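Visitor: whatever this is, show me its structure:
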Amino acid sequence: MREEEPLYYVYTHRDKNDTVRYIGRGCYGRAWATDRTSAHRRWMVAQILARGPCAHVHIETFGLTKSAAETIEKQLIDGAIRGGADLFNVRCGQFTPIVRATIKRRKQRAAWWASRKT
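Guide: A predicted model of the protein is given here:
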């Protein structure tokens, strides 16, 4: 079996306040592609018009294999979610198993507290 080529990178899209709004992985020009969900696409077009085509893209790390990029992307998304970030990844339903479990626990905890108040 041939080893994967390290062509991949992990990137973030940031708003004008440098707040991370999207975390992704890709190779070649994926970080600048506009074939995304409608909300993310509208946001990207607005950022490009306001700040230029590259101002909102930050390459976090590069020279990765596909599997390494997927792992790092998931870790960054999970960490951002735990920190309360409002990511397009989450709005568009791209939950990782860790995030799903965290959301489920939070809902269970909220239900438990609500039941104690009554």
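
Visitor: which neighbouring elements make contact with the host helix or strand of residue 41?
Guide: Assessed by DSSP states H and E, residue 41 sits inside helix 38-51. Counting contacts by 3 or more C-beta pairs under 8 Å, 6 or more residues apart in numbering; DSSP states H and E, helix 38-51 packs against strand 8-14, helix 88-91. Where you see a C-beta, it was placed from the backbone N, CA and C, and this is true even at glycine.

Visitor: of all the ones you listed, which lies closest to residue 65?
Guide: strand 8-14 (6.5 Å; C-beta to C-beta).

Visitor: what's the closest one packed up against?
Guide: Using 3+ C-beta pairs under 8 Å, 6+ apart, strand 8-14 sits against strand 20-27, helix 38-51, strand 57-64, helix 66-82.

Visitor: so the longest one versus strand 20-27, what angle?
Guide: The directions of helix 66-82 and strand 20-27 differ by 170 degrees, with axes from the mean of the first three to the mean of the last three C-alpha atoms, to 10 degrees as the criterion.

Visitor: the second one now?
Guide: Interaxial angle of helix 38-51 relative to strand 20-27 (the same axes, to 10 degrees): 100 degrees.

Visitor: list the buried residues of helix 38-51.
Guide: When neighbours are counted by 16 or more other C-beta atoms under 10 Å, the buried residues of helix 38-51 are found to be 40, 43, 44, 47, 48.

Visitor: same check on the last one?
Guide: Using 16+ other C-beta under 10 Å as the burial criterion, the residues of helix 66-82 that qualify are 68, 69, 72, 73, 74, 76, 77, 78, 80, 81.

Visitor: neighbours of residue 64, how many?
Guide: Residues near residue 64, counting by other C-beta atoms under 10 Å, number 21.

Visitor: distance of it relative to residue 32?
Guide: Residue 64 is 18 Å from residue 32, where distance means C-beta to C-beta, to the nearest Å.

Visitor: count the neighbours of the closest residue to residue 68 other than its chain neighbours for me.
Guide: Of all residues not flanking residue 68 in the chain, residue 8 sits nearest, at 7.2 Å (C-beta to C-beta, 6 or more residues apart in numbering). Residue 8 sits with 23 neighbouring residues when counted by other C-beta under 10 Å.
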